[in-house]
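In: Generate coordinates for the sequence data below:
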Amino acid sequence: MDTTEAEVLARLAGQAGARASTGGRNRAEQVTRVACHAVAELPFLVVALVQVVQGWRPTLDDAAIAIRSWAVFTSRSPLLGEYTQATRCARHVVWNPGPLLYWMLAVPVRIDADHGVLWGAAICAAAGMALCVEAAWAVRGAAGALAVGAFAVVLAATQPDVLVNPVWDPHFGLVWFAATCTGAWAVGTGHLRWWPVLVLTASIAAQSHLAFALPAAVLAIVAPLAGIRQRLGVGDGWTWLPVGLAAGAACWTAPIVQQLTGHPGNVSLLMRCVGGQRAVGGRFGLATLASAVVPPPLWFHRASGSANALMHGLTGQPAGVGIAVLAALATVGVVAWIAQRRELAVLAAVAFLAAGAAAWEIAGQPTSTIVSLVEVVDVVLWPVGMLIWGVAAMFVVELVATWGAWSGRRGSFGRASSPVWAEHGHRLLARWRPRSALLWSATVVLFAGGTVNAAMLAGGAMNQAAQEAGGRGTFRGVSAAAAAAQRLVPSGPLMISVFGPGPYTSLDLLYGTLWVLISEGRQATAPGLYANTISPPVHAVPGEPQVDLTVRADGSVASAVFAPGSPLPPASRQSIDRAPHVAHGLRSPD
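Out: Numbers count the residues shown, from 1 in each chain. From the prediction side, this is the model:
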């Protein structure tokens, strides 16, 4: 065998080995992709299933969301989102920007009135996390998917309430704002086909809670501008543009109709609230941003107790740290762009825009809403803080890889290095992927950690949900109170008041009982402001009977009577105090 033949055989053997190595790496990457989907999505579904089996029922905000989701397929379909504390400064009931939360839960609540709002929200959250994984995969492959998997594990560990109660609008919005951030990363790096998805996720986040509105809008608008710059001359076409615009029109038609036909429109009320009140100011906004980034961030170990304790945690960092965070993100983005690290540059830009918009929006909040703002700001800033930490981690990885490429090219003490680094180092760095062994190890560790974390969370999910609702008796009391009201007023409209062991438990019981009655076809409402917070589906009817219900801590009904002066329906004059579940407690005014 001559030298030429030997060189050809060696080259063929090398190519075969390279193909085998690539095949192994591709298999490892696909397994990582599936594992990251499992870690990100299954905990939401498992935790919801555990609560359904153990007797969960919607109360308070969850019940209000269920009521308005039920109304989607009626003539009173809501055009706006949840009641918001901006009402305090607008002196008029103000709502979150749009009804997408209700549209997404409308079918589940019709299928299963008792639990549909919970498992429907869990499915929606899992879908949002799936988009996070796929968007990161489109940009960075297995490394991007692993980053989202780690994000999901940290979410379950530091914000378990998001998994236990994905129905609540800040929790619902958090997942979709995370999907907005990863979608903006994909679009900004040139994957313009992701823009319609970005428009959808940004719309859901913005309509779920006011705090996500400005950051989501900024990302949806700016990301395609960077993406177009990346794809100039490639010729991918412009189909994504009309599709994205159509998606945006579909998402925002209802709020626009309300603004044009409402007197006053919801947007006008929001502008009145923001522009006509004393704001908390830029110092507060920057301090809250710093508290979400500087170790240990507020969301990593949330301060417990009163609003004053939470306020101290938010303002524990000086505003200058927030400015430094924004400056560092801008610097990383510029340096990465100059160094041709486009993925890092775009991620830093996404983090800068999200952090700056969030701080700006918080700074503009009226001081009259500061208590309600403090209660949710750590949830709102969670994805922003994680995004900034992700930029820092990617910057360190790129820095280490760049140093390795430089030292490989130069060799020890300035000697020339191997031809591989000299010729292909920059290309390998630009398309960095973990090696198969490292990838398998990271996947196993992530999956094991996610499984243990989810199992621990599922084990205590029902206890945590019951604690938020005032005890497991609240879930039983909702059904018992609704049955008692049905017996007192078997047909026609009715107004109810429910009194529990404490003021917050009373609200849980009131909204939960309203939802049970409405889902059973009754025209039920609550007095005063409580009816307004669920309007438009719930309206008082002049002359309707009012029932006052008192529920014990164990969920049994202590009494169910007509309110003084309430008209007595003829059907209720029959003896009803023999009902077994209320025994001696239920009585008629006769």
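In: can you tell me the average pLDDT over the helix or strand that contains residue 269?
Out: Per DSSP states H and E, residue 269 falls inside helix 266-275. Helix 266-275 comes out with an average pLDDT of 73.
In: From the chain's centroid, how far away is stretch 170-189?
Out: Taking the mean of its C-alpha atoms, stretch 170-189 sits 9 Å from the chain's own mean (Cα atoms, centre = their mean, to the nearest Å).
In: now stretch 124-132
Out: So, by Cα atoms, centre = their mean, the centroid of stretch 124-132 is 9 Å from its chain's centroid.
In: Output it as CSV, restricted to C-alpha atoms.
Out: Backbone C-alpha positions of stretch 124-132 (Å, rounded to 0.1, in the frame of the first residue of the first chain) are rendered in CSV as follows:
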residue,chain,number,x,y,z
CYS,A,124,-51.7,26.6,29.1
ALA,A,125,-48.6,27.0,31.3
ALA,A,126,-47.2,23.8,30.0
ALA,A,127,-47.7,25.1,26.4
GLY,A,128,-45.9,28.4,27.3
MET,A,129,-43.0,26.5,28.7
ALA,A,130,-42.9,24.3,25.6
LEU,A,131,-42.5,27.4,23.5
CYS,A,132,-39.7,28.5,25.8
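In: And for that stretch, what's in contact with it?
Out: 37, 40-42, 44-45, 104-105, 148, 151-152, 162-163, 166, 171-172, 175-176, 178-179, 182-183, 197, 201, 204 (Cβ atoms under 8 Å, 6 or more residues apart in numbering). (Each C-beta comes from the backbone N, C-alpha and C, glycine too.)
In: For PyMOL, write the select line for the buried members of these.
Out: Applying 16 or more other Cβ atoms under 10 Å to the contacts of stretch 124-132 leaves a buried subset, and the PyMOL line that selects it is:
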select buried, resi 37+40+41+42+44+45+104+105+148+151+152+162+163+166+171+172+175+176+178+179+182+183+197+201+204
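In: What about the contacts of stretch 124-132, which are in helices?
Out: Under the assignment DSSP state H, the contacts of stretch 124-132 contribute 37, 40-42, 44-45, 104-105, 148, 151-152, 162-163, 171-172, 175-176, 178-179, 182-183, 197, 201, 204 to helices.
In: follow-up on the earlier one: avg pLDDT for the helix or strand just after the helix holding residue 269?
Out: Counting by DSSP H and E, the next helix or strand C-terminal to helix 266-275 is helix 282-291. For helix 282-291, mean pLDDT is 83.
In: CA atoms only: put helix 282-291 into PDB for me.
Out: C-alpha atoms of helix 282-291 as PDB (Å, rounded to 0.1, in the frame of the first residue of the first chain):
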ATOM      1  CA  GLY A 282     -37.500  56.200  39.200                       C
ATOM      2  CA  ARG A 283     -35.500  55.500  42.400                       C
ATOM      3  CA  PHE A 284     -38.000  53.000  43.500                       C
ATOM      4  CA  GLY A 285     -38.200  51.300  40.100                       C
ATOM      5  CA  LEU A 286     -34.400  51.000  39.900                       C
ATOM      6  CA  ALA A 287     -34.200  49.700  43.400                       C
ATOM      7  CA  THR A 288     -36.700  47.000  42.700                       C
ATOM      8  CA  LEU A 289     -34.700  46.000  39.600                       C
ATOM      9  CA  ALA A 290     -31.600  45.800  41.700                       C
ATOM     10  CA  SER A 291     -33.400  43.600  44.300                       C
END
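In: got the buried residues for it?
Out: By neighbour count with 16+ other Cβ under 10 Å, helix 282-291 contains the buried residues 282, 284, 285, 286, 287, 288, 289, 290, 291.
In: Can you give the contact residues for that helix?
Out: With contacts defined as Cβ under 8 Å, 6+ apart, helix 282-291 is touched by 297-298, 313-323, 325-326, 355, 358-364, 377, 381, 384.
In: Quick check: the gap between residue 352 and residue 398.
Out: Counting by Cβ to Cβ, to the nearest Å, the gap from residue 352 to residue 398 is 17 Å.
In: Looks like residue 66 contacts residue 109 (just checking).
Out: Yes: if you go by Cβ atoms under 8 Å, residue 66 and residue 109 touch, sitting 5.2 Å apart.
In: can you list residues touching both of these two?
Out: Counting by Cβ under 8 Å, 6+ apart, the residues touching both residue 66 and residue 109 are 116, 117, 519.
In: ok, the residue nearest to the first one when sequence neighbours are not counted - how many residues close by?
Out: Yep, that's residue 116 we're talking about. Closest residue in space to residue 116, ignoring its immediate chain neighbours: residue 108 at 3.6 Å, by Cβ to Cβ, 6 or more residues apart in numbering. Using other Cβ atoms under 10 Å, residue 108 has 21 other residues around it.
In: Residue 108 sits in which helix or strand?
Out: Per DSSP H and E: residue 108 is located in helix 100-111.
In: quick one: the following helix or strand past that helix to chain centroid distance?
Out: With elements assigned by DSSP H and E, the helix or strand that comes after helix 100-111 is helix 116-140. Mean-position distance between helix 116-140 and its chain equals 10 Å (Cα atoms, centre = their mean).
In: What of stretch 207-224?
Out: So, by Cα atoms, centre = their mean, the centroid of stretch 207-224 is 13 Å from its chain's centroid.
In: Just the CA coordinates for that stretch, please, in PDB.
Out: Provided in PDB are the C-alpha atoms of stretch 207-224 (Å, rounded to 0.1, in the frame of the first residue of the first chain):
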ATOM      1  CA  GLN A 207     -53.400  41.100  28.900                       C
ATOM      2  CA  SER A 208     -52.800  38.800  31.900                       C
ATOM      3  CA  HIS A 209     -51.400  41.500  34.100                       C
ATOM      4  CA  LEU A 210     -50.600  45.200  33.600                       C
ATOM      5  CA  ALA A 211     -47.000  44.800  34.900                       C
ATOM      6  CA  PHE A 212     -46.100  42.700  31.900                       C
ATOM      7  CA  ALA A 213     -47.700  45.000  29.300                       C
ATOM      8  CA  LEU A 214     -44.900  47.500  28.600                       C
ATOM      9  CA  PRO A 215     -42.000  45.000  28.600                       C
ATOM     10  CA  ALA A 216     -43.900  42.500  26.400                       C
ATOM     11  CA  ALA A 217     -44.900  45.300  23.900                       C
ATOM     12  CA  VAL A 218     -41.300  46.600  23.600                       C
ATOM     13  CA  LEU A 219     -39.900  43.100  22.900                       C
ATOM     14  CA  ALA A 220     -42.600  42.300  20.300                       C
ATOM     15  CA  ILE A 221     -41.900  45.500  18.400                       C
ATOM     16  CA  VAL A 222     -38.100  45.700  18.700                       C
ATOM     17  CA  ALA A 223     -37.100  42.100  18.200                       C
ATOM     18  CA  PRO A 224     -38.100  41.800  14.500                       C
END
